[in-house]
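J.: Just the structure for this:
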Amino acid sequence: MGASKDLLTSKEFADRSGLPVSKVTKLLRDGSIKGQKIAGKWMIPASELKAANQPAPVPPKTQPRKAKAAAAKESAPAVRPGGTYSVAKLADMTYLTEFGVRDWLKKGLLKGTRSEDGEWYVDAASLENPNIKRLLR
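T.: Take a look at the predicted model:
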């Protein structure tokens, strides 16, 4: 590194770059900006200010788990012919979660069928079950 007057502490670097100190430390640790520890403090060359202000490469977007579930919920019909409800629709109608509805189906507390693609559908007659009646919204 250059002369000590060209070195900045992480606090000085943060003030000049407009970044929080925690972000500067993260950039140092992941190697996005160069620096070294001297006497237990990060010392960063002033020339690294340009690197800190460069936008980081954006990783390819992956669809979050909740977004995938929402997309699946939209694609599945809420009420099917024959008086059955999708798991998502029944969860919306009650205080159960989708996991809870599937669990009750597996335990036999709800009556339902599985489609060819593996999705559960709850029989509308299950709404007369006292355990479900008390959970209806």
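
J.: pLDDT weak spots in this structure?
T.: Applying pLDDT under 70 to the chain flags the ranges 1-5, 52-82.

J.: And the helices in this protein, which stretches?
T.: Using DSSP state H, the helices of the chain run over 10-17, 21-29, 49-52, 65-75, 87-93, 98-107, 130-133.

J.: which of those sits most buried?
T.: Mean neighbour count (mean count of other C-beta atoms under 10 Å) peaks for helix 87-93 among those, with a mean of 20. In short, each C-beta sits where N, CA and C put it, glycine included.

J.: Counting by contacts, list what it packs against.
T.: Packing partners of helix 87-93 (3 or more C-beta pairs under 8 Å, 6 or more residues apart in numbering; DSSP states H and E): helix 98-107, strand 120-123.

J.: CA atoms only: put it into CSV for me.
T.: Output of helix 87-93 as CSV, limited to C-alpha atoms (Å, rounded to 0.1, in the frame of the first residue of the first chain):
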residue,chain,number,x,y,z
VAL,A,87,-55.7,-26.5,-0.1
ALA,A,88,-54.9,-22.8,-0.6
LYS,A,89,-58.6,-21.9,-0.8
LEU,A,90,-59.5,-23.8,2.3
ALA,A,91,-56.5,-22.3,4.2
ASP,A,92,-57.8,-18.8,3.2
MET,A,93,-61.3,-19.7,4.4
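
J.: Please state the offset of it from the chain centre?
T.: The chain centroid and the centroid of helix 87-93 are separated by 22 Å under C-alpha atoms, centre = their mean, to the nearest Å.

J.: Then stretch 113-125?
T.: That offset, for stretch 113-125, works out to 28 Å (C-alpha atoms, centre = their mean).

J.: Let me see the domain layout of the chain.
T.: As given by automatic domain parsing, the domain ranges for the chain are 4-52, 65-133.

J.: what sits against residue 94?
T.: Contacts for residue 94 were tallied using C-beta atoms under 8 Å, 6 or more residues apart in numbering; they are 101, 132, 135, 136, 137.

J.: Sorry, wrong one. I was asking about residue 110.
T.: By C-beta under 8 Å, 6+ apart, the neighbours of residue 110 are 90, 101, 104, 122, 123, 126, 129, 132.
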